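Visitor: got a predicted structure plus its sequence, pasted below:
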Amino acid sequence: MQCPSCQHTDSRVLESRSADSGRSVRRRRECLHCEFRFTTYERVETVPITVLKRNGSREAFNRNKLLHGLLRACEKTGLEPTRLEAVVDELELQLQARSGREVASIELGELVLQQLAQMSDVAYVRFASVYRQFQSVSDFVATLEGLSRDPRSKRLAAVG
């Protein structure tokens, strides 16, 4: 491991601990040449996931893009950003566990909606309106009616 201060390649590990819910290891190191202390993270290298977009193009799965979309949909709903990060972590693990390395954006959106239906009806509708490209009020009404029939979504059924 190269020291960020002097670029010397020999260091010793002072401390190791689990990070990111056990998905990585945080190591505190000390350079043997200049005694500079620094932190490194070690994680399993994953095979890149490709998202097949609606227009036929392909792009690499970007967890930050997905998290940003979730954060926007969940603004002022009371859902904690850490909970949304956990949702993205879970979805990424599901995608990595698959045999294929390509996922359609439609399927990815539906996986997100399954998670949101259990967390917040408002966030579900907000995310669905962008993801499903709602064009009219009838699109919102149809989604709300679908939520009220869904047993996973108890909040809206109790209100409606």
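Guide: Structure received.
Visitor: test my guess that Ser21 contacts Leu93.
Guide: No: judged on CB atoms under 8 Å, Ser21 makes no contact with Leu93 at a distance of 10.1 Å. (Each C-beta comes from the backbone N, C-alpha and C, glycine too.)
Visitor: mind checking the SS state of the residue lying closest to Phe36 once chain neighbours are set aside?
Guide: Nearest non-adjacent residue to Phe36, counting by CB to CB, 6 or more residues apart in numbering: Ser5, 3.9 Å away. Under the three-state scheme (DSSP: H, G, I helix; E, B strand; the rest coil), the conformation of Ser5 reads as coil.
Visitor: Ser5: how many residues sit nearby?
Guide: 13 (other CB atoms under 10 Å).
Visitor: swap in Gly146?
Guide: Neighbour count of Gly146, defined by other CB under 10 Å: 14.
Visitor: list the contacts of the residue nearest the centre of the chain.
Guide: In the chain, the C-alpha nearest the mean C-alpha coordinate belongs to Val88, at 1.9 Å (CA atoms, centre = their mean). Contact partners of Val88, counting by CB atoms under 8 Å, 6 or more residues apart in numbering, are 63, 66-67, 70.
Visitor: give me that answer again for 10 Å
Guide: When contacts are counted by CB atoms under 10 Å, 6 or more residues apart in numbering, Val88 touches 63-71, 112, 115.
Visitor: do the same with Pro81
Guide: Contacts of Pro81 by CB under 10 Å, 6+ apart are 67, 70-71, 74.
Visitor: for ChimeraX, what selects the buried ones among those?
Guide: To isolate the buried members of the contacts of Pro81 in ChimeraX, using 16 or more other CB atoms under 10 Å:
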select :67,70,74
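Visitor: so which of the contacts of Pro81 sit within strands?
Guide: Among the contacts of Pro81, no residue falls in strands (DSSP state E).
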